[in-house]
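Trainee: With the input below, show me the fold.
(2 chains)
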There are 2 protein chains.
Amino acid sequence: MKIALLGYGTVGSGVVEVINSNKESIEKRAGKAIDIKYVLDLREFPGEAINELIVHDFSTILEDDEIEIVAEAMGGVEPAYTFAKSSLLKGKSYVTSNKELVALHGAELLEIARKNKVNFLFEASVGGGIPIIRPLNQSLTADEIYEITGILNGTTNFILTKMKNEGRSFESVLKEAQELGYAEKNPAADVEGYDACRKIAILASLAFGEHVSFEDIPTEGITQISSEDMIYAEKMNYVIKLLATCQKQDGSVFARVSPMMISKEHPLAMVNDVFNAIFVKGNVIGDVMFYGKGAGKLPTASAVVADIVDAAKHSGTNIITFWSREKIDLKDKDEVKVSYFIRVQDEDGLAENKVKEAFKEIQPVEALSREYAFITEVMTEGEFAKRLGKLSDLTIMSKVRTEK
Amino acid sequence: MKIALLGYGTVGSGVVEVINSNKESIEKRAGKAIDIKYVLDLREFPGEAINELIVHDFSTILEDDEIEIVAEAMGGVEPAYTFAKSSLLKGKSYVTSNKELVALHGAELLEIARKNKVNFLFEASVGGGIPIIRPLNQSLTADEIYEITGILNGTTNFILTKMKNEGRSFESVLKEAQELGYAEKNPAADVEGYDACRKIAILASLAFGEHVSFEDIPTEGITQISSEDMIYAEKMNYVIKLLATCQKQDGSVFARVSPMMISKEHPLAMVNDVFNAIFVKGNVIGDVMFYGKGAGKLPTASAVVADIVDAAKHSGTNIITFWSREKIDLKDKDEVKVSYFIRVQDEDGLAENKVKEAFKEIQPVEALSREYAFITEVMTEGEFAKRLGKLSDLTIMSKVRTEK
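Mentor: Numbers count the residues shown, from 1 in each chain, chains lettered A, B, ... in the order given. Below is the predicted model:
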């Protein structure tokens, strides 16, 4: 079986490395030999063996009927979308690690694949090497999934873990992460939660069978989390994690990406450093969790290659995936119930009274000096915003959603 | 699609409940209606709806060509083995939660299924509802798996968690577990590690592609673990878990079931109560972990029904599973490297010298009164036994393998 690889960057070169190093076991599992015939990249790699396979024009791949699987590791919506669509229409399976592409066009590309009896597979787009897409599609089929909550971004988890363990500020740890190559020069996609947002949109669409648009998901990153927040969390036996969640309650779906304080007893609390984990709740199976490296050259390549194997095994048949183009209207975010941890400045000791006027029931937290801190009762986001408005003459130093 | 269910006990009745309660989503995923036509049980259930489906004679099911899938939730090698073999030979897929059957006859039954273009599926036999068999077969296909280590028995994990948290003895917690119905009247299968042993034999066979016989796996239960051991573990920042492991090193495979002290930082350390978790190491993906309820009516039924869905989707095609009848000769257990935590009685303060004579390098541990405690360096089990023999005039109060 001849395949083509689009993009010879970090993940792409990892795919070549994995196919070469585990050749025997991979071909045994695929049931046939897997040969990379072309690698599409803008660059040349003179002196490297890969250079013989390099092509610069996608049409070479598209027009070659020998190519049955196109594996893409480029990222970005275009030209990936054009490549994906034309590959599937030509009867080639398309395997991708590209979360932007999948979050935006997954439903459509799955439909084209189904009509053309080929496969559109994207295990690597969420959770790097962690098997989650295939288990959702093929293992948790007896269940109605009503919640998925995950730590879906390794960079932010690395930053939060370091802030917690070393008492350092967000800015200082971000700088170190950039120096180590764990964070991009422009870190917005990670630290503002955009990456996690696309990933939870994909998982939500698969869990509920209809399209969840990432643009509809309220998304908050970790840039406002301070080392003081970490101190409070520790005192309360909480940890702060950037959680992406989607939940179905009484027929309505809501989704959100935001930092959360969760109990140290929660299985997601022990997920540290660049690890990711995805917690799934089903009405029959109860709680299951999938844990592993959510990024990195080889873990991501492992998922791409597993999809190539699956596509090879299913040559000529479509693996049914439920993700219709019907769009889910997410629940109004103001109606979602939530509880917050709040810190306010308190130079004069008067904050407590003001807080108690605004919020009826609060759970006070032992505060740092010149501060007043508390946890609100559970209320809707809308109600919370209204009550918080009443504190307009206080300086709000933090507000972080808490598990309750 | 008509199916038959063998056994209407806890798991069997769970299967009926799941198929009824999630009917719509299950049939959507299976691509066809799934009807239970027969339920084989020795008993009658007068007044219950299920009674209409009850049959007492397996041949009714075997001879009915309408039945395409037989789902078994009886347990025990016979008559399950006879039922499985004859079903597969008749061209019916066989789905089972029966670890004894799978551990003993898995390789043969998979071969018969392959020859007859049907499927032998057993997701529910390991880890209850946790998806692990299908991910091993279909998701981790790019990797060479070199280690699987798991907490595979919920009863012993419940007992160890209670012993740790409440400072109680094994006997007292076991009694409570029996009263709660978490442990059997005859608890040997759980507390002696036999259940975990069969499960790791299944996982090892799938990971390495050849048959690992459970009878070859050195197996030790938790009956010797004392509340004092828990106190020492806590002091050293360890927890004690019953771990089942299989590992491949330099081409040779070893497997073992035994209590282990592992660091509190290890992802398996936070797996408490009746939860199970399976930690897999691959040469590409790195570490991944699967976590969930390892037993119980509905989680186990969830896995059985997911297999029924898979069998329905793959009607007429065999899902290739690598588990050949070729048997793996496990590494001699005396050659496996290990480190132990040891406690000896020390009434006269002379133990330290004797210990240091027998074991060269030790790491002493702050001991309870009238005891001497230490961790050995890493050595083979054979070497350890020899050195321990030199302490024959001391009373050994505990020996527990430790992560190092």
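Trainee: check contacts around residue A:399.
Mentor: If you count contacts by Cβ atoms under 8 Å, 6 or more residues apart in numbering or on different chains, residue A:399 has them with A:340-343, A:388. From N, CA and C alone the C-beta is placed, and that goes for glycine too.
Trainee: I figured residue A:28 hits residue B:322, correct?
Mentor: Yes: assessed by Cβ atoms under 8 Å, residue A:28 is found in contact with residue B:322 at 6.9 Å.
Trainee: got any residues that touch both of those two?
Mentor: Common neighbours of residue A:28 and residue B:322 (Cβ under 8 Å, 6+ apart) are residue B:209.
Trainee: re the thing from before, in helices only, show me the contacts of residue A:399.
Mentor: In helices, judged by DSSP state H, the following of the contacts of residue A:399 are found: residue A:388.
Trainee: Now tabulate the contacts of residue A:399 in TSV and tack on pLDDT.
Mentor: Output for those, formatted as TSV (pLDDT from 0 to 100):
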residue	pLDDT
A:340	98
A:341	98
A:342	97
A:343	97
A:388	96
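Trainee: which among the contacts of residue A:399 are in contact with chain B?
Mentor: Near chain B, judged by Cβ under 8 Å from any Cβ of the partner chain, there are no entries from the contacts of residue A:399.
Trainee: What is the nearest of the contacts of residue A:399 to chain B?
Mentor: residue A:341 (23.0 Å; Cβ to the nearest Cβ).
Trainee: For chain B, see how far away residue A:294 is.
Mentor: Counting by Cβ to the nearest Cβ, to the nearest Å, the gap from residue A:294 to chain B is 11 Å.
Trainee: again but with residue A:165, I slipped
Mentor: The gap separating residue A:165 from chain B is 11 Å, by Cβ to the nearest Cβ.
Trainee: Next: residue A:46.
Mentor: Distance, residue A:46 to chain B, by Cβ to the nearest Cβ: 28 Å.
Trainee: Just grab the bridge partners of residue A:67 for me.
Mentor: On the basis of DSSP bridges, residue A:67 is bridged to residue A:2.
Trainee: can you give me phi and psi for the residue in chain A sticking out farthest from the centre?
Mentor: Note on chain A: the largest C-alpha distance from the chain mean falls to residue A:348, namely 43.4 Å (Cα atoms, centre = their mean). Residue A:348 adopts backbone torsions of phi -110, psi 10, taken as degrees, to the nearest 10.
Trainee: Residue A:240 now?
Mentor: Backbone torsions for residue A:240, taken as degrees, to the nearest 10, come to phi -100, psi 120.
Trainee: Break down the stretch 101-250 of chain A into its strands, ranges please.
Mentor: With DSSP state E, counting those that start in this stretch as the criterion, the stretch 101-250 of chain A has strands at A:120-121, A:145-151, A:210-211, A:238-249.
Trainee: could you dump the ones you listed to JSON lines with mean neighbour count and distance to chain B?
Mentor: As requested, those are exported to JSON lines (neighbours: other Cβ atoms under 10 Å in any protein chain shown; distance: least, Cβ to the nearest Cβ, whole Å):
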{"stretch": "strand A:120-121", "mean neighbour count": "30", "distance to chain B": "11"}
{"stretch": "strand A:145-151", "mean neighbour count": "23", "distance to chain B": "9"}
{"stretch": "strand A:210-211", "mean neighbour count": "18", "distance to chain B": "12"}
{"stretch": "strand A:238-249", "mean neighbour count": "23", "distance to chain B": "12"}
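Trainee: Next up, the contacts around residue A:159.
Mentor: Counting by Cβ under 8 Å, 6+ apart, residue A:159 makes contact with A:170, A:173-174, A:177, A:183, A:191, A:222.
Trainee: which of these are close to chain B?
Mentor: The subset of those within reach of chain B, by Cβ under 8 Å from any Cβ, is empty.
Trainee: Can you tell me which one of these sits lowest on pLDDT?
Mentor: The member of these with the lowest pLDDT is residue A:183, at 89.
Trainee: any idea how far the closest residue to that one other than its chain neighbours is from residue B:402?
Mentor: Distances taken as Cβ to Cβ, 6 or more residues apart in numbering or on different chains place residue A:177 nearest to residue A:183, at 3.9 Å, with adjacent residues excluded. As judged by Cβ to Cβ, to the nearest Å, residue A:177 and residue B:402 stand 34 Å apart.
Trainee: just residue A:260 next, same as before
Mentor: Look at residue A:260 and residue B:402: by Cβ to Cβ, they are 35 Å apart.
Trainee: now do residue A:222
Mentor: Distance from residue A:222 to residue B:402, by Cβ to Cβ: 37 Å.
Trainee: For these two, indicate the residue with more neighbours.
Mentor: residue A:222 (25 against 22; other Cβ atoms under 10 Å in any protein chain shown).
Trainee: Give me the pLDDT for the closest residue to residue A:9 other than its chain neighbours.
Mentor: Closest residue to residue A:9 apart from its sequence neighbours, by Cβ to Cβ, 6+ apart: residue A:73 at 6.7 Å. What the model reports as pLDDT for residue A:73 is 96.
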